[in-house]
Each structure stands twice: as C-alpha cells, then as structure tokens.
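**Q** Have a look at this fold, sequence not included:
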C-alpha cells in the first residue's frame, strides 16, 4: 500500500493539475489545451519583440506566449543564450545600424525607435557596439 502524500505535496499536485505540467522540452497547459515546445515559445517571443520595436514589456510578452515571465526568461536564455530584454536591445541596435547605413540621422532614428533623445541613442549604441554612430557611419562608408 502506498503512503498517503502529505499536505504540501497534495497542494503542489493540485497546482500542477490546474495550470499544466512541464515535461522535458514540452509545456502542456490544461486550461488552454496548448502544447508548445520550448522552440515554439522562443520563436513566438522573438516575433513579438521584433513586432513591438517601441517598448519592451516583459509582462505583455509573457502573456502573449502564455507562460510566466520568470519561466520565459529561463527558457529564452536556455535556447538563445540571452534574456528577452537583451534580445530586444540587440534588435534595436540592429535597427540603428540599418538606419545609419541608409543615411538616416541619429536624431531621426532616436525618434523612430522611441529613445528619449539622440544622446540616449548614441550612448546605447556606443555601449553595445564600442563606437559612436558617427564612427560607425564613417567606417561603413569607407568600405
């Protein structure tokens, strides 16, 4: 005869029965009848981040992919190697580089990409690229 689970174990089992179960790389939600692999979750999250270039909101992102923000952070980092916020910043840097290559001024890019001002854009770009936007334009135009 099996031993009866204690109160804490029963509470945990009830919680998993309500919200779903995580098995290996498959996430199963009981209420939504959703079966997603971690790859699908990350793909959806990346598409959402790329579609929302103006602001980053982890709560909205986690609701869009139907998992908690903490679990999303772990899954994203496990699959890609960076957090969703770091991916958002790298996506913005990519858009700044593309804009600079297309001869769009940093002040216009700052407005388009929802930076506070041109200085904020330049500081963010330099922090991640190691050079200023002006230096990037000069090096890009010399090739």
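**A** Ah, there it is. Here the structure is a predicted model, which means the values were calculated and not measured.
**Q** With residue 108 as the reference, measure out to residue 137.
**A** Using Cβ to Cβ, to the nearest Å, one obtains 13 Å as the distance from residue 137 to residue 108. For glycine as for every other residue, the C-beta is placed from the backbone atoms N, C-alpha and C.
**Q** Poorly predicted segments of the chain, please.
**A** Applying pLDDT under 70 to the chain flags residues 1-36, 53, 143.
**Q** contacting residues around the residue positioned nearest the centre of it?
**A** The centre of the chain sits closest to residue 84, judged by Cα atoms, centre = their mean, with a distance of 2.3 Å. For residue 84, the contact set (Cβ atoms under 8 Å, 6 or more residues apart in numbering) comprises 45, 49, 56, 58, 61, 72, 73, 76.
**Q** downstream neighbour of the helix or strand hosting residue 47 in the secondary structure list?
**A** Element membership of residue 47, judged by DSSP states H and E, is helix 38-51. Note on helix 38-51: by DSSP H and E, the next helix or strand toward the C-terminus is helix 58-65.
**Q** List the contacts of that following helix.
**A** 41, 44-45, 48-49, 52, 68-69, 71-73, 84-85.
**Q** re earlier: of residue 137 and residue 108, which one has the most company?
**A** Between residue 137 and residue 108, residue 137 has the larger neighbour count (other Cβ atoms under 10 Å), namely 17 against 12.
**Q** tell me the phi and psi of that one?
**A** Residue 137 adopts backbone torsions of phi -60, psi -40, taken as degrees, to the nearest 10.
**Q** That one touches residue 100, doesn't it?
**A** Yes - taking contacts as Cβ atoms under 8 Å, residue 137 lies within contact range of residue 100: 5.3 Å.
**Q** thinking again about what came up before, now, of the contacts of helix 58-65, which are buried?
**A** 41, 44, 45, 48, 49, 72, 73, 84 (16 or more other Cβ atoms under 10 Å).
**Q** Kindly reformat these as a markdown table containing distance to residue 113.
**A** Below are the buried ones among the contacts of helix 58-65 laid out as a markdown table (distance: Cβ to Cβ, whole Å):
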| residue | distance to residue 113 |
| --- | --- |
| 41 | 26 |
| 44 | 22 |
| 45 | 20 |
| 48 | 17 |
| 49 | 13 |
| 72 | 23 |
| 73 | 23 |
| 84 | 17 |
